[in-house]
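# Build the 3D model from these lines:
(chains A and B)
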Amino acid sequence: MRLLTHNFLQSNVKGTEKGYPLGIERGAELSVESSPVNRNLVLKMLNKVDYSALVSITNNLREERQEDIPELPPSLPETLEEETIANYHKVLFDVQLVNGFLVCPDTGRKFPVKDGIPNMILHEDEI
Amino acid sequence: MSDQKNEKEDFEYVVLVEFAHKHLDFLLPELLSVLEMNGVIIQQHDKEEEKEEDIDDSKSYCHMLPLPNEERYHQETKAAPQRAFALLAFPSSWYHKGNSHAQLRPEKHTQPPEERQKDPEPSKEEKDKGSSSTKTIASFLSRCVLVRRVIELWGKPGTTIPEMAENTQQWIKDKTSLGATIYHEICHPPTQSWKLTIQTLGAKYTRQEHDDMRANFAFLDFPGKVQMKQPDHEFILIREMELDTQGNPLYPRHGQLQQEHDKSQHQTTIIPQHDQRLPLACYFGRVLWARDKNSMERYDLKNRVYLGPTSMDAELSFVMANLGQVQEDSVVLDPFVGTGSILVSCAIRGAYCVGTDIDIRVLRGKEENIYSNFQQFQLPRPELIRSDNAIYHRHFRTSEPWVDTIVTDPPYGIRAGARKSGSRLDQPRVIPEEHRHDHIPQTKPYCVADVMADLLDVAARALVMGGRMVYVIPSFAKDFNPDEDLPQHDCLTVIHLSFQPFTQDLGRRMVTMKKVHDYDPKMRETYLAKTWKNGPASAEKCANIREKLMEAAKLKPGYEEKSRVRKQKRKEHKEQKKKAKLEINKPQDGQKSEE
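Now for the predicted structure:
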């Protein structure tokens, strides 16, 4: 599961107002790939992401994997250098959550991620 | 740029599109979608003058010309509903946009990058749609899976071969026309090789007869040598006859006579009254692009690693990608991803793919899974999420539409029934906290009318404005009014509808919708309530076909017997499986599993 996907997912168990952004429980298994930078897609998706959620999850993951995950500017710069675009590509598409848990910020409900597939299905008493 | 604008476009560069004779109802929708995706709009011929003001500078325009003898064709009641040809007239300037003989080669050879004259540099507005500056007619039409050849037409089509030849001769001699220029380019330098292929749809002719047809074009007299394999230019003469839906001739040239004394011996004879019929049309031109017969084979389903009972066949999934205008960097969602067969085609077109499903077993697979299908073609992994379309808005942040195209084959219960989250009990049992982490959420059956209502609602929320959804829906050929019986949503409008017949009565429709209005979350209940215009009656027509097929099957003679045999087989299979399982478990918990 890429961080781009993380940016669009939310928890909405019964009684939750916002459920966003989801946390990633410490100790999760991450993989960081090096795919070729897709400039167009990065620019297109930067318009769609919730920027503060992207920065905060990146900072959280950097606590454990500082060497692999680039730091992002706290707010989206007006003009983007090629290097910055490459960093956004890395964070959005190359950092992948393989095994671990997504955590609802309001209720603490955990959504398991197994082999890269998050299971967002709610239990029958949460709908 | 201003020169371009002031010069009146002439629409003299005519291209003949030859389609494969199948999926007839899909031919034009696919063609139109691909043209539009490449910024080419088909302009109505007669409205040209009054629409002058609407002309958008960033788009190119072309005309669709009527095929010869349309009236005669429509009088044939048994003929296929659609001829496998289309005539498109482009402005002459398209010829100069790199439309040289370099394009004769198959699609893998890239064309020389030629800047489109209309937009010298990609503007900022283009950042989303991508620049179309290197596109040529052949390069984008070749994306249509159902297009077989793209032919530069040399002169007005004729009804007979001599008439066509006459038109060609005029075309290359007229110094004011594009024809003279093109002809000159093929003669200079004089070393360019060529060949002339003859295609007589639905009729066989002898070698001698072919030579006689060729003789009509002797005036071409190209200086280069004739070369059968990989010539610089391939010319083609097509003789079109009336075909039926299956692609068989309505008036076959040959009939079979059965010998009185030996029933196994057939003799073919020419049927004179058919042979003497005038062709529907004759076309002559230069082949700009031709589909390699094996081009689809590597994507064939039987060569896929991970398959399910409802995988979409490769050809149609590419058609779906085209109807959805999927291109480089499109974001594509399949909310019933299954084995991912439709997404594979979209990824091959360069899309970023996301698949969701409620069934964790298909998402994960066993030895093979969806990822294997992507790895097989060296495609980036799609994003997979287990989620429920009935509550999409609770899984996904909905403040920002983020999907360019939705392509999907929803479960209609024929081969795989749908499920949604929730308990079958009215009052679900509360799960104790200590069990929550490994609790398996319950799902309940999901009726097709609701599946569709939710799907349209997902599309209305997730799609960007102008984004498309393409889905398939089984339905009966008759007693179906698309305006009333298809599911509807205030934010979406149907733009293409194609019917693919399976049997005489049953088929499936491929529906292409476009998002035309912003989604208002407060309106959700209203949207959902308006899905079926005629209420349950409409839903019943499109959906629940499983039950109808079952009922029809029961009425067939011998059903009881067949069903008994099947039941018996299932029972045996189950018992065998049980036995095998016991065998494996024996050593571990010996006595317990004996019973």
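# Which strands and helices lie in contact with the top strand by length along chain B?
When chain B is parsed with DSSP state E, its longest strand is strand B:463-476. Under the contact criterion of 3 or more CB pairs under 8 Å, 6 or more residues apart in numbering or on different chains; DSSP states H and E, strand B:463-476 touches helix B:314-323, strand B:403-408, helix B:448-462, strand B:506-515, helix B:536-542, helix B:545-555. C-beta coordinates here come from the backbone N, C-alpha and C atoms, glycine included.
# Could you pull out the buried residues of that strand?
B:L463, B:V464, B:G467, B:R468, B:M469, B:V470, B:Y471, B:V472, B:I473, B:P474, B:S475 (16 or more other CB atoms under 10 Å in any protein chain shown).
# picking up where we left off before, looking at the helices and strands packed on strand B:463-476, which is nearest to A:D94?
Within these, the stretch nearest A:D94 is strand B:403-408; the backing value is 21.6 Å (CB to CB).
# Just the mean pLDDT for the closest one, thanks.
What strand B:403-408 shows for mean pLDDT is 97.
# Show the contacting residues for residue 28.
Let's take chain A. A:L97, A:V98, A:N99, A:G100, A:F101, A:V113 (CB atoms under 8 Å, 6 or more residues apart in numbering or on different chains).
# Chain B, not that one
B:L28 touches B:Q82, B:A86, counting by CB under 8 Å, 6+ apart.
# In terms of pLDDT, where does it sit?
B:L28 is assigned 94 on the pLDDT scale.
# What of A:Y20?
In this model, A:Y20 carries a pLDDT of 92.
# and chain A, which residues reach chain B?
Contacts of chain A with chain B, taken as CB under 8 Å from any CB of the partner chain, map to A:1-2, A:4-5, A:7-10, A:12, A:20, A:35, A:38, A:40-41, A:43-45, A:48, A:50, A:109-110, A:112, A:114-125, A:127.
# Any of those buried? List them.
Buried among the residues of chain A next to chain B (16+ other CB under 10 Å): A:1-2, A:4-5, A:7-10, A:12, A:20, A:38, A:41, A:44-45, A:48, A:50, A:109-110, A:112, A:116-118, A:120-125, A:127.
# Past the longest strand of chain B, which element shows up next along the chain?
Per DSSP states H and E, the first helix or strand lying C-terminal to strand B:463-476 is helix B:482-485.
# now that following helix: how far from the chain's centre is it?
22 Å (CA atoms, centre = their mean, to the nearest Å).
# just the strands in chain A please.
A:23-24, A:29-32, A:95-103, A:110-114, A:117-118.
# could you redo those strands as a markdown table and give each row mean pLDDT?
Shown next, in a markdown table, are the strands of chain A (pLDDT from 0 to 100):
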| stretch | mean pLDDT |
| --- | --- |
| strand A:23-24 | 95 |
| strand A:29-32 | 94 |
| strand A:95-103 | 96 |
| strand A:110-114 | 94 |
| strand A:117-118 | 96 |
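# So which of those strands is the most surrounded?
Comparing the strands of chain A by mean neighbour count (mean count of other CB atoms under 10 Å in any protein chain shown), strand A:117-118 comes out on top with a mean of 24.
# What strands flank it, and is each parallel or antiparallel?
Note on strand A:117-118: by DSSP bridges, its sheet partners are strand A:110-114 (antiparallel).
# which outside residues touch the strand it pairs with?
Here strand A:110-114 makes contact (CB under 8 Å, 6+ apart) with A:1, A:11, A:22, A:25, A:28, A:97-104, A:118-120, B:364, B:437.
# The same query, at a cut-off of 7 Å, please.
By CB atoms under 7 Å, 6 or more residues apart in numbering or on different chains, the residues outside strand A:110-114 that reach it are A:1, A:11, A:25, A:97, A:99-103, A:118-120, B:437.
# ok so, going back, out of the contacts of A:A28, who's nearest chain B?
Closest approach to chain B among the contacts of A:A28 (CB to the nearest CB): A:F101, at 8.8 Å.
# ok, that closest one to B:W532 distance?
40 Å (CB to CB, to the nearest Å).
# before we move on, what about A:D94?
44 Å.
# Between these two, tell me which one has more neighbours.
Neighbour totals were compared for A:D94 and B:W532, and B:W532 leads with 23 against 19 (other CB atoms under 10 Å in any protein chain shown).
# For the more buried one, grab phi and psi.
Dihedral angles of B:W532 (phi, psi; degrees, to the nearest 10) stand at phi -110, psi 110.
# mind listing what it touches?
B:W532 neighbours (CB under 7 Å, 6+ apart): B:A449, B:P487, B:S538, B:A539.
# Can you give me the neighbour number for the first one?
So that's B:A449. Neighbours of B:A449 (other CB under 10 Å): 19.
# now do B:S295
Count around B:S295 with other CB under 10 Å applied: 13.
# ok so it is a strand residue?
No: counting by DSSP: H, G, I helix; E, B strand; the rest coil, B:S295 is not part of a strand but coil.
# How much space separates it from chain A?
Computed as CB to the nearest CB, to the nearest Å, the B:S295 to chain A distance reads 26 Å.
# Same question for B:A180.
Distance, B:A180 to chain A, using CB to the nearest CB: 42 Å.
# Shouldn't B:W171 be within a helix?
Yes: counting by three-state DSSP, B:W171 falls inside a helix.
# in what helix or strand does the residue nearest to B:P279 when sequence neighbours are not counted lie?
Distances taken as CB to CB, 6 or more residues apart in numbering or on different chains place B:R239 nearest to B:P279, at 4.9 Å, with adjacent residues excluded. Using DSSP H and E, the element containing B:R239 is strand B:233-240.
# who's in contact with B:D313?
Contacts of B:D313 by CB under 7 Å, 6+ apart are B:L301.
# Could you rerun that using 10 Å?
B:M296, B:Y299, B:D300, B:L301, B:K302, B:V319, B:S341 (CB atoms under 10 Å, 6 or more residues apart in numbering or on different chains).
# other SSEs contacting the longest helix along chain A?
In chain A, assigned by DSSP state H, the helix with the most residues is helix A:51-65. Applying 3 or more CB pairs under 10 Å, 6 or more residues apart in numbering or on different chains; DSSP states H and E, we find helix A:51-65 packed against helix A:3-8, strand A:23-24, strand A:29-32, helix A:82-89, strand A:95-103.
# got the angle for it vs strand A:95-103?
100 degrees (axes from the mean of the first three to the mean of the last three CA atoms, to 10 degrees).
# Now do A:N119 against B:K567, distance only.
Distance from A:N119 to B:K567, by CB to CB: 36 Å.
# ugh, wrong one, B:Q256
Distance check for B:Q256 against B:K567: by CB to CB, it reads 45 Å.
# repeat for A:V42
Applying CB to CB to A:V42 and B:K567 gives a distance of 57 Å.
# How about B:D505?
With CB to CB as the criterion, B:D505 and B:K567 are 27 Å apart.
# before we move on, the earlier item: return the subset of the contacts of B:D313 lying in helices.
Counting by DSSP H, the contacts of B:D313 contribute B:V319, B:S341 to helices.
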